[in-house]
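# Quick one, structure for this:
(2 chains)
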Amino acid sequence: MNFTRRDTLKSLSLGAGAFLLSPFLRQVELQAAGNSIAIPNRFVFVVKSSGIIPDASTPDAFKGKDSSSSLFSQDLTNVSLPSSMHALEPFKDQLSIVQGLSGKMCRGGHSSWFGMLGVYMTGGEFDAGAIIRATADAELAKLNPAPFNHLGLAIRGKALSSDYGGTMYPGITAVGPGQELPFQGSPDIAYQQLFGSAVSSSNGAEKRFRLQGNLLDFMVDDIKKVTRAIPSSEQGKMDAYLNAFEELQTRHSKLSSMKDQVAANAPGYSDKFTSLVEEVRQEAQFDLATAALIAGLTNVVTIRLDNVDMTYKKLGIDEHNHGIGHNEGTKSQTEYRDIIQRHHSELLATMARKLRAVPEGDGDMLDNTMIIFLSDSSDNHHGSGMEWPYLIVGGGGGKLKLPGRYLRYPKYGEKGCRTIGDWWTTLLNAYGNPIKYYGNEDLVLKQNGCSHAGPLEELLV
Amino acid sequence: MSRDREINAARRGLQADADFQPQIALLTKTLNTSVFCLVMVLTANLLCSSNLLFAQADQATTPIFADKKAFDETVSPFLRKYCADCHGEISNESDVVLSSISFDLASGHDIELWNTVLRQLHVEEMPPTGSDQPEQHERDAVMLWINAELKKSGNVSDLYSKLESPSFGNYVNREKLFSGEITAEPFSPARLWRTSPDVFENVKSSYGQVAQDFRQPFPLEDKVGIKDYANLLFADSAVVSVLMSNAACAADELIKHSPIASSDISPSDDTLASAISEHFSKVVYREPLQEEIRKYSELFRKSAKEGGNAEAMRLVLMAVMLHHESVYRVEIGLGKADAHGRRILSSTEMAFAIAFALTDRRPDAALLQAAEAGKLNSSTDAQFQVARILQNDAINKPRILRFFQEFFGYTRAHKVFKDENRSGGFAYYGENYPAMYEKDADFFVMNILEKDKDVFRQLLTSDEYCIFNRATFRNTVYDFYKKNQQQLDQGEFPEVKQKELLQRLNLKGWHELNVKYNLHNFNKGFNGSVAAIKQIVQEQYSWMDTKDENILLHRMQALYTKYPMVYDLRDDEQDFLLPQPYKRPHRAGMLTHPAWLIAHSLNDSTDPIRRGKWVRERLLGGVIPDIPITVDASIPEDHTKTLRERLQKTENAECWRCHRKMNPLGYAFEIYDDFGRYRTEESLGKGDTKPVNPKSELVGTGEKELDGEFKDALEMIHRLAESDKVRQCMIRHVFRYFMGRNELLTDSKTLISADRAYLASGGSFNALLISILSSDSFLYRKVLESSTRHSP
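Okay, here's the model as predicted:
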């Protein structure tokens, strides 16, 4: 056999390198193709725990109206949203609700881990399992490069853990096989990492930032020399180390060139960024994500919004999400979930409002952004994967027939039913990755003659 | 599909070509305005050529990327010859149909199915035993094609990384390993091994106060089993970003005390060199080479010119802290070459390897001295040093207990959520219950290791548990206080009394282990003195919040009241501290320890499948494939049936192929509930119960003494504990943990010697460790062409 571990490592490390180096090439491509506008597509993935109950995000006007065997597609702009989603009323023209897509090829229970965005079954109750491919958010990041190709912000770590702060691995996003992407769990550190190069007014900090280039050059040079003395079978490990510094090098030079832009859009620093109150931490991470998008620091953000171990105390909730999911506490599960959904809608609306305020092209930034709200445990506290509801805010650059629509796909197993694999295929296709099908197929559907694998053609413009 | 997307498709095809990537990378890396045009031209060329290619592909009506020729000539005939009988359209066994499998894997068709084929071929599960077997070269040709096409599709099979992962260790044949027929000289691949989180924690302390702000750069994924494998861990951008911020943080502090940094005058070359050397040897643990000093000096001079001494020194300090040797342990074999193409570790490499194997710390002075004096060059030298470290109680060796934690997996118990109401108060606040049992299990292990006799059998069968309830400890001390109150209050406390108390507390077993192995923070310093007794008495008053003597003596603080239940103890059985260790009926070793049983249970039920899987893999060396993606792994609800009855769902033909390897073993443990309590009846909810059925059998182990029926877990475990196969399987796991990799057939000699050393010493774990850590597998390295890595 000549497909070797070394090859695997090589392709892994190349993948990581290419992840960084492709941006420029793509810019060149765009210009070569005569596309002078080149407004980036932006994506924000907001991942909540404990599932999104489809019924609770369905406008009353559509309840019970859908048919189980055909696509139910309605204009959303003239109906009222559920009261817990009230904050999103002003954005109804840019809002879409997508329901009924199944994800049975993913793990059920408390978390589907990488499955939610990678469309395959992985992990157990506590571990996220093997990573077999880049997740959809990272795939979209590859297509829309920026100094921070992918920005991961987290309020909490793994689904059931009490991890808190610092670099975290919640087990939901990966840039390639075996390569999980990190999330920053401390807003203050994220602030430094994103805006530190520009907002510090002191002369020293600026000098320091400039000199850091010397260190990075030194490390890159040094590691390259050392690598030659390392057995070839182990070079992948040194390459990973090298790539990390090269990535910083590239980012460093980009940040140097966009100092003013970063400074102009940095959020004002306040104690919000060091708060220990979960809801405030959420706000802080949303602020950072929004500002980073506007400053052009990134085009793709994934926010791990909470986990089942977290309690929304500031909202007056006395039970952690796990307890709520198990019907514990003084209120009913529906009451608790309503309070939380109202809060989440406000977070989304605030972000949308800020993006709408920034003019871009013929419209505003919200027109070119897709905020996708979803859960790693699909439709319930113990997600069944029978359907995977999405709530989307933003125009997405007009690439999909989504804004202002309510869509409900046929039930699992019915003729015409579709999956989340088809959904992510659609997104990837619409934004420049022509992959025929992304993810694992649902073999049960396939065996039962319901061959689904491919984009949702009806959504493509 | 629009024209636009077609062009994109072609572009992507080219970009995905691995051979093409480096050129692009090179170009873009050195990009400036002058090469910009070059890239433009190049890219334009690419676009043209890819369009051209795409046009041709359109005409040929087949996508250009799939190697259909090889499919038609090699793969398709293979499938027809060896697979079609069972996996055709009609005889679609296990719902796998290969007759219509698409050749166009490169475009993403049938990826799952091809992955399945690849795995079945590699692990030689298919074609099944008894049917016509393909030649190795035939298998290889098909696997080669699948891998190549898979790569084109932008995917990669997880098979190869899995085979090097701990859960796939058992794929190497045990009979062959221990047969003695393999004469190859053992070695480990020349390798880099990423620094472990525990080593980092220890390094951190050498940075002093400032290290408080350090973050862990080397996290290990929280997974079941052995975690720290050399080939699985990389220092990637996430690691580097944390290292950078740690280094910056430390450098900020260090320059405050640096004479060079606080001066405006440019330092002489010698001053600079000695400052660099000093820092370097502290951080990298060796003297820098002349070349290294030169490079760091250069970095200093360049940066000092731009930003002054302080900033330049800061960068140099950071650069040293980011040295690759503080990220990867280099074990490539820098010693002498031998006739078998191997190199022995250099004395320094050996010193580090031995130190990290046992201590989580860099080598101690004795190891470094031995290395320097040329007394660390052979297996005998290694034996001497390993034995020295093992015998010296003053050297902390946390890696040993960690092996047993990872092997048995009992330290996951606290992560399994148990409902407080259902248990009648199994609380999850403060130190939660399962975490207490994990500690108990640590003591159980160390108590056996302390005796170091017949270790594996003892671990599997001993019914002597360490049951240390803090509340009963306090009660015991309080009782003693009440009986001697007058004397104690007057401070008259003869030594003989003090001894009496210590004896009564019977801390001999528990306390000594605790002090020696640093297992538990609770009352580690308790010495029976007046002050120590009074402190406990004060605690008793404040925790119990009463003056009622009856309560103070005979009740437990709420947090500990449910603690005894998993050991089948009544509250009144343990008002006072139990003699340690304490014999329990219906128990046999670690697998019936509450910590293990809870760790291998579900939130609200036992988990015969996981328990059976554990026994099959860790004790019998068996292999169980991943759960097929089509399986709906839910257990049907039915309040009239026991869990075992409900699991009958798994006994239909297609499930049973794998489940027969797990369920029968797991059912044996049904004599314990999901809290680890012994039971004869299973509660079905709504107050109903039904007798449990733990009767089962072992089949197909290949050993007569093992196979056959057993009445419950106890009988099964006692039988397993007598087996050579089980012992050897445990030794294989020890090997994996201390080598940081799966064994290969070439490690046969090492494993056979290790097994012999263990038996000859009457089951001494220390003897086993000395054998493994002085083996050729541990001491020799060989540079491997990766292609030989998987073929034995």
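# helix or strand for residue B:622, which one?
Under DSSP states H and E, no helix or strand contains residue B:622.
# Just list the residues touching the closest residue to chain B within the stretch 201-350 of chain A, thanks.
Chain B sits closest to residue A:244 of the stretch 201-350 of chain A, with a gap of 3.7 Å, by C-beta to the nearest C-beta. For glycine as for every other residue, the C-beta is placed from the backbone atoms N, C-alpha and C. Taking C-beta atoms under 8 Å, 6 or more residues apart in numbering or on different chains as the criterion, residue A:244 is in contact with B:235, B:236, B:237, B:239, B:240, B:241.
# what about the first one, neighbour count?
Put plainly, it is residue B:235. For residue B:235, the count of nearby residues is 25 (other C-beta atoms under 10 Å in any protein chain shown).
# Please report how far it lies from residue B:192.
Using C-beta to C-beta, to the nearest Å, residue B:235 is found at 9 Å from residue B:192.
# Mutual contacts of these two, please.
Shared contacts of residue B:235 and residue B:192 (C-beta under 8 Å, 6+ apart): A:237, B:328.
# Listing request: residues of the chain with sub-threshold pLDDT.
Going with chain A. A:1-37, A:178, A:200-206 (pLDDT under 70).
# switch to chain B, that's the one I care about
Chain B contains residues with pLDDT under 70 at B:1-65, B:129, B:161, B:212-213, B:222, B:419-421, B:424-432, B:506-509, B:628-633, B:785-792.
# at 50 what do you get?
Chain B contains residues with pLDDT under 50 at B:1-64, B:429-430, B:786-792.
# Show me which helix runs longest in it.
When chain B is parsed with DSSP state H, its longest helix is helix B:290-321.
# Any idea how far that one is from the middle of the chain?
39 Å (C-alpha atoms, centre = their mean, to the nearest Å).
# Send me stretch B:500-520 as CSV with only the CA atoms.
C-alpha atoms of stretch B:500-520 as CSV (Å, rounded to 0.1, in the frame of the first residue of the first chain):
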residue,chain,number,x,y,z
GLU,B,500,-4.6,4.5,70.6
LEU,B,501,-6.5,7.0,68.6
LEU,B,502,-4.5,6.5,65.5
GLN,B,503,-5.0,2.7,65.9
ARG,B,504,-8.7,3.2,66.4
LEU,B,505,-8.9,5.3,63.3
ASN,B,506,-7.0,2.5,61.6
LEU,B,507,-5.5,5.0,59.3
LYS,B,508,-2.6,2.6,58.7
GLY,B,509,-4.0,1.4,55.4
TRP,B,510,-5.6,4.6,54.3
HIS,B,511,-3.5,7.4,55.8
GLU,B,512,-0.1,5.9,54.9
LEU,B,513,-1.1,5.4,51.3
ASN,B,514,-2.5,8.9,51.3
VAL,B,515,0.7,10.5,52.5
LYS,B,516,2.9,8.3,50.4
TYR,B,517,1.0,8.7,47.1
ASN,B,518,-0.6,12.0,47.6
LEU,B,519,-4.1,10.7,46.8
HIS,B,520,-6.5,12.8,48.8
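# Adjacent strands (with direction) for the next helix or strand after the longest helix of chain B?
Once helix B:290-321 ends, the next helix or strand along the chain (criterion: DSSP H and E) is strand B:328-331. Using DSSP bridges, strand B:328-331 pairs in its sheet with strand B:191-194 (antiparallel).
# Determine how far the next helix or strand after the partner strand lies from the middle of the whole chain.
Going down the chain from strand B:191-194, the next helix or strand is helix B:197-205, by DSSP H and E. Taking C-alpha atoms, centre = their mean, the mean C-alpha location of helix B:197-205 is offset from the chain mean by 18 Å.
# for helix B:197-205, which positions count as buried?
For helix B:197-205, a neighbour-count test (16 or more other C-beta atoms under 10 Å in any protein chain shown) marks B:198, B:199, B:200, B:203, B:204 as buried.
# Only C-alpha atoms, please: export it in PDB.
Extracted as PDB, the C-alpha positions of helix B:197-205 are listed here (Å, rounded to 0.1, in the frame of the first residue of the first chain):
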ATOM      1  CA  PRO B 197      -0.300  18.700  30.100                       C
ATOM      2  CA  ASP B 198       1.100  17.300  33.400                       C
ATOM      3  CA  VAL B 199       4.700  18.000  32.400                       C
ATOM      4  CA  PHE B 200       3.600  21.500  31.600                       C
ATOM      5  CA  GLU B 201       2.100  21.900  35.000                       C
ATOM      6  CA  ASN B 202       5.400  21.000  36.600                       C
ATOM      7  CA  VAL B 203       7.500  23.200  34.200                       C
ATOM      8  CA  LYS B 204       5.200  26.000  35.100                       C
ATOM      9  CA  SER B 205       6.200  26.000  38.700                       C
END
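# tell me what that helix is packed against?
Helix B:197-205 sits against no helix or strand, with contacts defined as 3 or more C-beta pairs under 8 Å, 6 or more residues apart in numbering or on different chains; DSSP states H and E.
# Give me the angle between the next helix or strand after that helix and helix B:197-205.
Downstream of helix B:197-205, the next assigned helix or strand under DSSP H and E is helix B:237-255. Angle, helix B:237-255 to helix B:197-205, by axes from the mean of the first three to the mean of the last three C-alpha atoms, to 10 degrees: 20 degrees.
# For helix B:237-255, name the packing helices and strands.
If you count contacts as 3+ C-beta pairs under 8 Å, 6+ apart, helix B:237-255 packs onto strand A:167-168, helix A:235-257, helix B:290-321.
# what about the closest residue to residue B:679 other than its chain neighbours, distance to residue B:711?
Leaving aside its chain neighbours, residue B:679 sits nearest to residue B:673 (5.2 Å; criterion: C-beta to C-beta, 6 or more residues apart in numbering or on different chains). Distance from residue B:673 to residue B:711, counting by C-beta to C-beta: 18 Å.
# Now do the buried residues in stretch B:166-181.
Residues of stretch B:166-181 classed as buried: B:166, B:167, B:168, B:169, B:170, B:172, B:174, B:177, B:178 (neighbour count, 16+ other C-beta under 10 Å).
# Output that stretch in PDB with nothing but the alpha carbons.
C-alpha atoms of stretch B:166-181 as PDB (Å, rounded to 0.1, in the frame of the first residue of the first chain):
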ATOM      1  CA  PRO B 166      -5.500   3.500  21.300                       C
ATOM      2  CA  SER B 167      -8.900   2.000  20.500                       C
ATOM      3  CA  PHE B 168      -7.400   0.100  17.600                       C
ATOM      4  CA  GLY B 169      -4.500  -1.500  19.500                       C
ATOM      5  CA  ASN B 170      -6.100  -4.900  19.600                       C
ATOM      6  CA  TYR B 171      -6.000  -5.200  15.800                       C
ATOM      7  CA  VAL B 172      -2.500  -6.700  16.200                       C
ATOM      8  CA  ASN B 173      -2.800 -10.400  16.600                       C
ATOM      9  CA  ARG B 174      -2.200 -11.600  20.200                       C
ATOM     10  CA  GLU B 175      -1.400 -15.200  19.400                       C
ATOM     11  CA  LYS B 176       1.300 -14.100  17.000                       C
ATOM     12  CA  LEU B 177       2.600 -11.500  19.400                       C
ATOM     13  CA  PHE B 178       3.200 -14.000  22.200                       C
ATOM     14  CA  SER B 179       4.000 -17.000  20.100                       C
ATOM     15  CA  GLY B 180       7.700 -16.500  20.100                       C
ATOM     16  CA  GLU B 181       7.800 -17.000  16.400                       C
END
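# ok, it near chain A or not?
No - under the criterion of C-beta under 8 Å from any C-beta of the partner chain, chain A is not reached by stretch B:166-181; the shortest gap measures 9.7 Å.
# coming back round to it: residue B:673 and residue B:711: who's more crowded?
residue B:673 (20 against 12).
# What sits closest to residue A:159 if chain neighbours are left out?
Spatial nearest neighbour of residue A:159, chain neighbours left out: residue A:111 (3.7 Å); criterion: C-beta to C-beta, 6+ apart.
# Please report how far that neighbour lies from chain B.
13 Å (C-beta to the nearest C-beta, to the nearest Å).
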